[in-house]
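>>> Here you go, sequence then predicted model.
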Amino acid sequence: MDIVKDESSSQDEKPNKKAAFEFNLSSQAPSAHAIQNKRARLNRAKMQTGDVVMDDVLNTELPADFSKELEKLQKADAHISDPKTTWPRPEAPSLDIMATSLVFQQMEIDEEFVPDNNTVIPRLFGVTDEGYSVVCFVKGFFPYFYCPAPDGFKEENIPMVIAELNRLAQQNGQSSNNNIPGLNAVVDIQMCMKEPLFGYHGNVKAPFFKIIVRNPKLVRPMSQIVKRGFNVHGVGHYAGTFYESNLEFTIRFMVDTDIVGASWIELPAGKYSLRPSTKTFCQYEVEVNYNDLIAHEPVGEWSKVAPLRVLSVDIECAGRPGVFPEAQIDPVIQIASVVTLQGQKMPFIRNVLTLNTCAPIPGVHVMSFENEADMLSQWAQFVQTCDPDIVIGYNTTDFDLPYLLDRAVALKVQNFPFLGRIRDTVSKVSSTHFSSKAYGTRDSKAVNMEGRVQFDVLAAMRREYKLRSFSLNAVSAKFLGEQKEDVPYSIITDLQNESAETRRRLAVYCLKDAFLPQRLVDKLMFLVNSMEMARVTGVPFNYLLTRGQQIKVVSQLFRHSSRQDLVVPVIESQGGDNQYEGATVIEPKRGYYDMPIATLDFASLYPSIMMAHNLCYTTLLNRQTIERFELVKDVDYVVTPTNDCFVKSSKRVGLLPHILKELLSARKQAKNEMKNETDPFRIQVLNGRQLALKISANSVYGFTGALNGRLPCLQISASVTAFGRDMINETVKEVEKQYTMANGYEHDATVIYGDTDSVMVKFGVNTLEEAMRLGQEAADHVTSKFINPIKLEFEKVYFPYLLINKKRYAGLYWTRPEKYDKLDTKGLETVRRDNCQLVPLVLDTCLRMLLIDRNVDGAVEYAKNTISDLLQNKVDLSMLVISKQLSKTDYAAKQAHVELAERMRKRDAGSAPQLGDRVPYVIIKGTKDAKAYEKAEDPIYVLDNNLPIDTNYYLEHQLTNPLTRIFEPILGSKVTSLFKGNHTRTIRVAAPTTGAMARFMVKTNTCLSCKIPLKGEYQHRAVCKHCEPKLPEIYIRNMDVMRELEMRYARLWTECQRCQGSINREVVCTNRDCPIFYMRKKGQKDAEEQAKVMDRFDYTW
Amino acid sequence: MSADTFCLERVSVAATNDITSVFRTGRRTYGQQFDELYSQRLRSLKPAAAEAAEHRWPRVQETPNVLNVEGPQATFIVGTVFVDSGNKPSTLHQVERERWVSDIHGEQYREAPDTVVFLEDESGRIRLVGSVVDKAILASGVVAAVLGVETAEGDFEVADICFARMAPQKPMPVLKEDKYVALVSGLQMTTERPITLALQLLAETLCGELGALGTMQPLAAKIAQVVLVGDTMQLPPAPLGHAEDMRVNDRTVAAKLAKQVDGFLADIAANVPVAIMPGAADPADTSLPQQPLPRSLLPQCSQYSGFSSLTNPALLQLDGLYLLGSSGQNIDDLRRYSSEPASRLAAASLGWRHIAPTAPDTLWCYPFTTHDPFVLHDTPHVYFVGNQSQFDSVVTRGPDGQSTRVVMIPRFADTNQIVLVNMRTLECSTLEISA
């Protein structure tokens, strides 16, 4: 169809338009001249037609080759008839063990007890480059410990010692009944030359017994026997100290075979054998002697990652109103699973199992079951078939997996609890208590899934980030930049019971929750970074989530000590907190600095101190040693500021300095490789590696200072901090001495603040360039005063800089003079949960205005406006919501959120918060003597009933302190003017629609202009008789309001439709972390109110 | 200029304005959401779309809901199109930054790299893929029938698309004489320049006062109805702020403008029937359908029986001729989805049987629950759209002989043009006032 437009007629007219005369008629009548002119012009009014005929635009002809195209479409899309065919791994070819070596990346290492000979053998689970799963049983490796051999012991007497120890073990074993008769506890004893880790011994090794025992459980009893003493042939009664008896068997094995976490293992052709039985779900089941396996160091080619299968899971349960689901009673109604190959963007398996029918979901394999037990057993079968290497999810460790297992027990689903890779090992729920200095203490559950790594994203989040809220909503909002639809518990059961369509809706929601953890893992590179951490520190992958910081240092320490023939003592936990002095904090010179402040940092301060002064267990000296070896102070050894002595590296290089040097040079190398790398995935891996190396280096110092740890040595840790303090003080002195007017500089420099490893210097110069130049110069100057490798670095300039207090400051961060990098804040109220969102918003905006716009007046004005808005009830309710978690302990004192939860339960048990939920509330105006805890109220209830907010509470308890802190350095004592004055005089309070007062109020319309009550014929009109002349203005004003409210209503509710991914369904989301949640409710109320007002204008024509 | 001094013998029409009540909201409530509006729309249009599809693809089976498509067998499904696009501004992000931007428009929605087109019905939504989708004139909210197959990823590979097509049409009235409807749009009167010379000339032309010396008078005498199609005023924007502040804002300037406009229009209404539709810049709702400007705003005009205040959109019947009009917001929003000329998009709307498909998603509208007033149950004879950058006109024909004159009315403030539609022949022409 052609469209032809006739536009020629308008073409020739255009130039004339310009010639038209212009004058303004707004206030005067047209002159005679003008009218004359008009007439003349009107004659030239022009006719123009645009007569084009077109057919129904949308009804284009069917293309001629249409049916062919369609046919092609149908063929091209060869369909997978049964989605279950995508579950299993690619079929593994049979192995020619004599010709091919088997290479795989191990992801999990554990042990298996072999009852036949009472031993324990390590098992390695992993995946080949082709994606075949492997389990490798390692033979011939036994646990052991060391003890010094007695003086004068002859090696040929070893068999006698073995016999004696075995006899004692037998005795011991009989009494405690933990041994199998006929099998000897001690397998062998070897003599070796070793040196104890602790203290300097003049580099002399001594003979040690390496007592090799049958299984890890025998290590401790045997070491106790040795400690108590026994008869050594040819020597007599001998009691020895034992070494290394507390090292975990898995780590022992990995240390001795040079295997690090998540590394590649090669079983050379001809050196391994296939196992006949299929005890596991793995495709290759092999055996190897521990001497024959090759552990590849994870560098170069071997830093690659196998195509690991990552399963992400989420379940839904149908709870009863007001009760958290209990596995004994409440059914599992849906289980959603997505499986992704590591490194790929989209999952290749997406399925959901539903109890009762479910309408289909495109691209998702929906399996419906009438019987819950059948559903559970299908899921177990799915896990076994698809055989994931890693199982992730959100709170799966504490909730989803235990719930499934408990439910299977309740329903007696016999074939369910086999979720690991060992066919006959039952998965069970156990309770664990995790306590770590760095990560805190928490009770949690654990489910064993042998051979599969469990990675709960919630746990990882808690370790890595400090957030206001760890709900999946909040976390995805923060990291993925999207809010998530949240279906309230209370309606899940309703959706389940209604129809196949509503169950489908639930299923989509469930699938989303299964996919989000995967997206978080990808976005935050959790797996890649953890893998690199496992590789750097040498611990098995799963230790990163289940264990603390110490084990990582232990693993590295043992690796290095065994290479140097050092033996590590077993130190009984001392407990207590014999605190040594920590880092120094220079008293801040508080204030607002509108000039560049240079920051000088010591690079890796504590590691470099340890390296510079050779601080280590192995170099520690005491009086006697100094005398015995006739060591000379400052030549052979240093005396630290804490009066501890360490031998210099010329005598012996300490083990810890050696480890640190390796870590830091490896980090340097990783960073260099990163610069030259182009492949984005490789860059991610390298970045994960350099981060892991940095963290590892920094954790060594902490390890020496942990009193309840494996190997505390306060002489080291106290010396480190003491050196650090001295160095900071030295730096201050040096900078303030050097950069003076006396030395020809423009100004006298002052250090305004310093903390741990950095100092902030005010050079007095006004430009960034000058400050950066001086900063660099000063860093180099100070560095020259210290021992290598200690290095003071100039990193950044803050300009302007707001120094509030110790560990509290904000500044604009510059690394180059052209453009600032970011706004940097420390210690300000941004993440505290018991703040309402107004606080961080106001603080952030004020800081931006102060530091980026340098607009002090603007910031003050903004703060005042916010306070004024608050007092006039203009702040959006969502900004005022505070939330606290409802935890199970009985509270001695009455707490606002607990009381509120109780009140809500009385109103409606179904929607009331349950244990573990966060209770959102706002503080409302109460009666005069109302207690604070009585004034907390459910925000929804507040909106519904128009309850007045206690704005003073928010001003006094939420805004005043943080605002005072940031404005005090600028305004000084005038800061109180923020909270007093004209802007606080206008107060508006909502009139409640319920309550004592409301009942006595008669609703009458008042004049929209003068507010007098309307009576008689005016009762339903907009204004009273006297105000009628003002009607147009009154109308326009009110229409302004209506327009705004219509726009809000429309934008908020359409946004929620987009987020929930449906336009035909009601939005039921109750995600209270989403700022829209309260706003849209208010939007409805406000629009409806205003629509009533608008109805009072006369629209009849 | 007063009506008494000059008398023109003028044609008259039998107007039935009460049919504009389809766009009256009545008492408004806001406790509901938008889902019901979409459901009503789909319910109204699905049968027609399915019928068109059966006619077009006679050998293909329909799959009754979009989620039941399965496997490689070609089928067609009927549902509501939804275009998801990163170019749609995120209310959420604006809310989080505490900055509401009233004018959220700016980008082409279908040009974003993350644009996804879905087809949705009560059961759920399925992603539409293929070059046919990329080329089609489509917008969120349009009800469509789609032919294709499900892919392994669970998407729907589209081979062809069709729509409900034009609704039935009442027969065209037979008129004995030429009569004109004058369509005037975008006068954009402001307080600084309320009545420009061009406006004054326009008024005199419509009243027939100036035609005595030229050829215009006979034409003016044939103008049976003047319709002001939106943006008669260019209201100074309300100061931004909290709703509570707006109630006490000083709007005396705006009120003064309203008074001047009232006087100006009353003078015209004294001579010729005038109907006024609100537009985006007038003091009326931001959401469609905009309710009529109230009597309180135009007290002088309201004295004249020939003056009427309409909704936007509005449906008029003059001597049996049905005219559907819009002040342009619906077409402006459609242009975010397509680079087609506005006239073609307006014509496409008739084929969709829906004049505002993008409401409520990106075009604000009232949350109707019992029906979707933007669904066309009858095809009008004329569909005019105001506030366009230039005049344009096409005739679009339907499968059953329906024929509609689609008229794009240029903004008078920019072009000095109005459009005259001959009610007998549906020919249309612009009249340019050269000031």
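Looks like it arrived, so ask away.
>>> Is whatever residue of the stretch 701-850 of chain A ends up closest to chain B in a helix, a strand, or coil?
Closest residue of the stretch 701-850 of chain A to chain B, CB to the nearest CB: A:L841 (6.5 Å). C-beta coordinates here come from the backbone N, C-alpha and C atoms, glycine included. Three-state call for A:L841 (DSSP: H, G, I helix; E, B strand; the rest coil): helix.
>>> my guess is it contacts A:D876, does it?
No: using CB atoms under 8 Å, A:L841 is not in contact with A:D876, being 10.3 Å away.
>>> Got the phi and psi for A:L168?
Dihedral pair for A:L168: phi -60, psi -40, per degrees, to the nearest 10.
>>> ok, it touching A:V226?
No: taking CB under 8 Å as the definition, A:L168 is not a contact partner of A:V226, at 9.3 Å.
>>> And the residue in the stretch 751-900 of chain A positioned nearest to chain B, how close does it get to A:V554?
Closest residue of the stretch 751-900 of chain A to chain B, CB to the nearest CB: A:K874 (4.3 Å). Taking CB to CB, to the nearest Å as the measure, A:K874 falls 58 Å from A:V554.
>>> Looking at these two, which is more packed in?
A:V554 (24 against 16; other CB atoms under 10 Å in any protein chain shown).
>>> host element of the more buried one?
Assessed by DSSP states H and E, A:V554 sits inside helix A:550-563.
>>> For the residue of the stretch 751-900 of chain A closest to chain B, identify the helix or strand it belongs to.
Using DSSP H and E, A:K874 sits in no helix or strand.
>>> in the stretch 801-950 of chain A, which spans are helices?
A:838-847, A:856-871, A:896-907, A:939-945 (DSSP state H, counting those that start in this stretch).
>>> quick one: which of the ones you listed is nearest A:A612?
helix A:838-847 (38.1 Å; CB to CB).
>>> Let me see the residues that make contact with the helix holding A:V554.
Helix A:550-563 is contacted by residues A:197, A:244, A:247-248, A:251-252, A:254-256, A:258, A:436, A:533, A:537-539, A:543, A:567-568, A:655-656, A:658-659, A:696, A:699-700, A:703, A:706, A:709-711 when judged by CB atoms under 8 Å, 6 or more residues apart in numbering or on different chains.
>>> Alpha carbons only: can I get it in CSV?
Extracted in CSV, the C-alpha atoms of helix A:550-563 (Å, rounded to 0.1, in the frame of the first residue of the first chain):
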residue,chain,number,x,y,z
GLN,A,550,42.4,-19.5,61.8
ILE,A,551,42.3,-22.7,59.8
LYS,A,552,43.4,-20.8,56.7
VAL,A,553,46.5,-19.6,58.5
VAL,A,554,47.1,-23.1,60.1
SER,A,555,46.9,-24.7,56.6
GLN,A,556,49.6,-22.3,55.3
LEU,A,557,51.7,-22.6,58.4
PHE,A,558,51.9,-26.3,58.3
ARG,A,559,52.6,-26.3,54.5
HIS,A,560,55.7,-24.1,55.1
SER,A,561,56.8,-25.6,58.3
SER,A,562,57.0,-29.1,56.9
ARG,A,563,59.2,-27.9,54.1
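>>> Show me which positions of that helix end up buried.
Under the neighbour-count criterion of 16 or more other CB atoms under 10 Å in any protein chain shown, helix A:550-563 has A:550-559, A:561-562 buried.
>>> could you dump those to TSV with pLDDT?
Output for these, formatted as TSV (pLDDT from 0 to 100):
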residue	pLDDT
A:Q550	88
A:I551	91
A:K552	90
A:V553	92
A:V554	93
A:S555	94
A:Q556	93
A:L557	93
A:F558	95
A:R559	94
A:S561	93
A:S562	91
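>>> Which members of those are the farthest-apart pair?
Farthest pair in those, by CB to CB: A:Q550 and A:S562, 18.2 Å.
>>> A:Q690 sits in which helix or strand?
A:Q690 belongs to helix A:680-705 when elements are defined using DSSP H and E.
>>> make that A:A718, sorry
helix A:714-738.
>>> Spell out which residues sit in contact with the residue most central in space within chain A, please.
The residue lying closest to the centre of chain A (CA atoms, centre = their mean) is A:M461, at 2.8 Å. Residues counted as contacts of A:M461 (CB under 8 Å, 6+ apart) are A:467, A:470, A:475, A:520.
>>> Among those residues, which lie within helices?
A:475, A:520 (DSSP state H).
>>> What is the distance between stretch A:582-593 and the centre of its chain?
What separates the centre of stretch A:582-593 from the centre of its chain is 30 Å, taken as CA atoms, centre = their mean, to the nearest Å.
>>> No further questions, thank you.
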